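Undergrad: With the input below, show me the fold.
(2 chains)
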Amino acid sequence: MTRQLAPHPAAKPKRPPGRSAKVPKRRWTARTRRDFFVFLAMALPNLVLIAVFTYRPLFSNMYYSTLDWTLGSPTATVVGFANYVTFFSSNDAPKVLGTTAVFTLVTVGGSMVLGLLVALALNAKIRGTTFARSAVFAPYVLSGVGVGLVWLFIFDPGYGVLAWLLRGIGQQSPQWINDPQLSLVMVILVYVWKNLGYCAVVYLAGLQSLPQDVMEAASLDGANGFRRFTSISLPLLSPTTFFLLITTMLSSLQAFDLIRIMTPLGTGTSTLIYEAYLQAFGAYNRAGYSAAISVVLFAILLVITVLQLRFVERKVHYS
Amino acid sequence: MTLHLDRRHFLGLAGVSASAAALAACGGPSTTGGGQATSQAAEIDFKDVKPAAKIDFWSSHPGQSQDVEKSLIEKFHAKNPDITVNLVTAGANYEEIAQKFQTAQAAKSGLPGVVVLSDVWWFRYYTNGSIIPVDGLIKQLDMRMDDFQQSLVNDYKYDNKQWALPYGRSTPLFYYNKDHFAAAGLPDRAPKTWDEFSQWAPKLKASSGAQYAYIYPALAGYAGWTLQNMLWGWGGGWSKEWDITCNSTESVAALQWAQDSIYKDKWAGVSSKEAADDFSAGLTSTTISSTGSLLGILKSAKFNVGVGFLPGGPKAQSNVCPTGGAGLGIPSGITKEEQLAAGKFLDFVTQPASTAEFSAATGYMPTRKSADMAAVLAKTPQIKTAMDQLSVTKVQDNARVFLPGADQEMAKAAAKILTQQGDVKSTMTDLKNTLQSIYDRDVKPKLKS
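TA: This is a model prediction of the structure:
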């Protein structure tokens, strides 16, 4: 326990005579006025755009979630929280939340683990790593629609490349597209393939900025490669891991293009965001119900982000 | 990270939230009426209305019809120089065009003059009040309604009003590989019944080298439409009027037979994307696909293609073919002038010469009785089969065409039965419950008693 020491009288700040202890108000000088207008000129356009294109739809959506509204209909009925009650009391909720959890956990885990392994391989000082780095990152910048269409051909159980390879070893192709469980596996595989390049490049940047002197010291102390990785590299990479955890989780929860292209009915692949789309635009036209699902997704994203910022960040080592 | 939320900040945030909520409430639907949307059922009088100078035509180009649509528009411009029709690709299929149309409805802007609407969408537009009855335009433009194929034009009749006119109308056709049939020693015709086909299928599969003797159309692509044939053949259906009957003994027997053809008898498969492509690629000896796929199949298949009526079942051998495809409607949210210009275009594209040209380019059926199809049939005699089948077609069950999302639910149930070998009876009972709840929640309150 530490003792609280009384401040030395000499340490007391000297106050000019006649002035109170209150902090004086900053004067609105010509300079501060000019700075304020510069600030407004710089920030206001962005603030207006954010208000119009982010916050207005957000609040509109919250309002629509309290309506029984068929998309396209000019009228609607206010139903309060009935859409939320319907969602959570129906069979949809466990199915959709379960699919969302599986999709998010597997794609985030898969992209990060594989991305780290690829980054370790790319970090090796061997020939061809520049080409390999570009090749690994390329899928990430490709259009999700294009990627989805190409992979659909690969997975096609009739005349896809995969079916052809399987036939070569006397096996029938699984019904990747029609079977709801396999559809989810298919979409997850393609999503991880598309996004692991992003994780790999970010991890690679992290690996290349690790202090070499620490590594060398560990080597001199007899630590082998695995020990150096688990005891030094991995902890020092924790800011990178934390950054990737947030960004990949948010993008996985919002994944849409691949699901839309590869499984248009969302059979087996209906995550929260896709269910919201299907309910409003897919065929059901239940705009109010869809808005309620979107609000649930928003709440989940908010909670995850706050939890990550509050708890996960504490375990991060900043060198 | 710590959050410092003092009283001043809190009040500021609350103020922003309240303003945003108020702003949010400004858009969207009206809640003042509290009731449901009612269609603009009153007949619109177009007397003394001058047609607008420009309208958009939203199409998904059914049957790869973009070129023929452009050609029809050019001909319309030549005949009506005061009206410009702008062709807009508003989606790749009926669902995408429906999304765009309904979004424009919700946004209350950017609506087209004429929109392509499929068999499962027009009724929703009617219940939402998104389209007008075209009776006023029929009267004003003196359209010859008696010349339309009655079964096709009647599909869009409700509440004694005409809500759209037929455009790219189709039925499913039975497609078969003539070469495979000849190699198997089978007659050069489509089977009369599914029972007859089940006797042919093992021979076909053994002799053709194709993966399947028959492939069920892709479930994501209108399974509810193509399976209607089997359900009717076995004496069942998705519904009888508004009574959902998809779990009746007959309906279950039909789908059990379908499941057995895949898992027990092993001569059938399920298409993953497009059965017409699988058939053209030689993956299967037979399939069922839309008449709108006919020209595409004839163009890409490297074998002799045969077409025939859909097979019957043990209970019904005729009238087991549903009609389908798209019509054209006019939005209610545009001006009377635009509606009149749209009406003139509607009149033009449904003229006998136009429908014959459209049919020749796509394989869809001519919608007018007096359409001169001689040249078309000389070039593509298979279209005659589709035209002849029209006399034995049946209007689809209400559950498929009038319940929002029913097609998707039917496809999911079909996927469970045909790709996961799910129990047919329980799957169809679950489907019945889902369809019933859609009817009770989304349709029943909007029906006129």
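
Undergrad: CA only for contacts and neighbour counts going forward, please
TA: OK.

Undergrad: confidence score at residue 92?
TA: Went with chain A since none was named. You'll see A:Asp92 listed with a pLDDT of 83.

Undergrad: Let me rephrase: I mean chain B.
TA: 89.

Undergrad: from what I can see it touches B:Trp58, true?
TA: No: using C-alpha atoms under 8 Å, B:Ala92 is not in contact with B:Trp58; the gap is 11.1 Å.

Undergrad: low-confidence ranges in the stretch 201-319 of chain A?
TA: A:313-319 (pLDDT under 70).

Undergrad: just to revisit the earlier point, higher neighbour count, B:Ala92 and B:Trp58?
TA: Between B:Ala92 and B:Trp58, counted using other C-alpha atoms under 10 Å in any protein chain shown, B:Trp58 has the larger neighbour count: 23 against 13.

Undergrad: Adjacent strands (with direction) for the strand or helix carrying that one?
TA: According to DSSP states H and E, B:Trp58 maps onto strand B:54-59. Here strand B:54-59 is paired, per DSSP bridges, with strand B:84-89 (parallel), strand B:114-118 (parallel).

Undergrad: how about the helices in the stretch 301-449 of chain B?
TA: With DSSP state H, counting those that start in this stretch as the criterion, the stretch 301-449 of chain B has helices at B:336-349, B:352-362, B:374-379, B:382-389, B:398-402, B:406-419, B:424-438.

Undergrad: Next: the stretch 201-319 of chain A.
TA: Going by DSSP H, counting those that start in this stretch, the stretch 201-319 of chain A shows helices at A:212-220, A:225-228, A:234-236, A:238-253, A:257-262, A:272-277, A:287-307.

Undergrad: ok, now the stretch 51-200 of chain A?
TA: A:56-64, A:82-89, A:92-123, A:129-141, A:144-155, A:161-168, A:180-208.

Undergrad: Can you tell me which of the helices of the stretch 201-319 of chain A is most buried?
TA: The highest mean neighbour count among those, using mean count of other C-alpha atoms under 10 Å in any protein chain shown, belongs to helix A:272-277: a mean of 24.

Undergrad: What residues does B:Gln396 make contact with?
TA: If a contact means C-alpha atoms under 8 Å, 6 or more residues apart in numbering or on different chains, then B:Gln396 has B:Trp225, B:Gln228, B:Pro322, B:Thr323 as its contacts.

Undergrad: Give me the distance between the residue lying closest to the last one once chain neighbours are set aside and B:Ala414.
TA: Right, B:Thr323. Using C-alpha to C-alpha, 6 or more residues apart in numbering or on different chains and skipping the chain neighbours, the partner closest in space to B:Thr323 is B:Thr171 (4.8 Å). Counting by C-alpha to C-alpha, to the nearest Å, the gap from B:Thr171 to B:Ala414 is 20 Å.

Undergrad: For burial, what's the neighbour tally of B:Glu241?
TA: Neighbours of B:Glu241 (other C-alpha under 10 Å): 11.

Undergrad: residues contacting it?
TA: By C-alpha under 8 Å, 6+ apart, B:Glu241 lies in contact with B:Asp397, B:Asn398, B:Ala399.

Undergrad: Of the residues you listed - the most surrounded one?
TA: With neighbours taken as other C-alpha under 10 Å, the top of the contacts of B:Glu241 is B:Ala399, carrying 29 neighbours.

Undergrad: Contact partners for that residue?
TA: So, once contact is read as C-alpha under 8 Å, 6+ apart, B:Ala399 ends up touching B:Trp238, B:Ser239, B:Glu241, B:Trp242, B:Ile244, B:Ala406, B:Leu435.

Undergrad: Can you flag which of those belong to strands?
TA: B:Ser239, B:Ile244 (DSSP state E).

Undergrad: Now restrict the contacts of B:Ala399 to buried residues only.
TA: Buried members of the contacts of B:Ala399, counted by 16 or more other C-alpha atoms under 10 Å in any protein chain shown: B:Trp238, B:Ser239, B:Ile244, B:Ala406, B:Leu435.

Undergrad: Skip the chain neighbours and tell me the closest residue to the second one.
TA: Setting aside the residues directly before and after it, B:Ser239 is nearest to B:Thr245 in space (C-alpha to C-alpha, 6+ apart), at 4.6 Å.

Undergrad: Let's test this: what are the backbone torsions at that neighbour?
TA: phi -120, psi 20 (degrees, to the nearest 10).

Undergrad: Give the burial count for it, as a bare number.
TA: 22.

Undergrad: out of the buried ones among the contacts of B:Ala399, who's nearest B:Ser285?
TA: B:Trp238 (28.0 Å; C-alpha to C-alpha).

Undergrad: Residue numbers of the stretch 101-250 of chain A in contact with chain B?
TA: Contacts of the stretch 101-250 of chain A with chain B, taken as C-alpha under 8 Å from any C-alpha of the partner chain, map to A:Asp156, A:Pro157, A:Gly158, A:Tyr159, A:Gln175, A:Ile177, A:Asn178, A:Asp179, A:Pro180.

Undergrad: count of neighbours near the residue of the stretch 201-350 of chain B found nearest chain A?
TA: At 5.8 Å from chain A, B:Ser272 is the closest residue in the stretch 201-350 of chain B, using C-alpha to the nearest C-alpha. B:Ser272: 25 surrounding residues under other C-alpha under 10 Å.

Undergrad: Spell out the secondary structure type for it.
TA: coil (DSSP: H, G, I helix; E, B strand; the rest coil).

Undergrad: Got the phi and psi for it?
TA: Per degrees, to the nearest 10, the backbone of B:Ser272 is at phi -90, psi -30.

Undergrad: Show the pLDDT at it.
TA: According to the model, B:Ser272 carries a pLDDT of 88.
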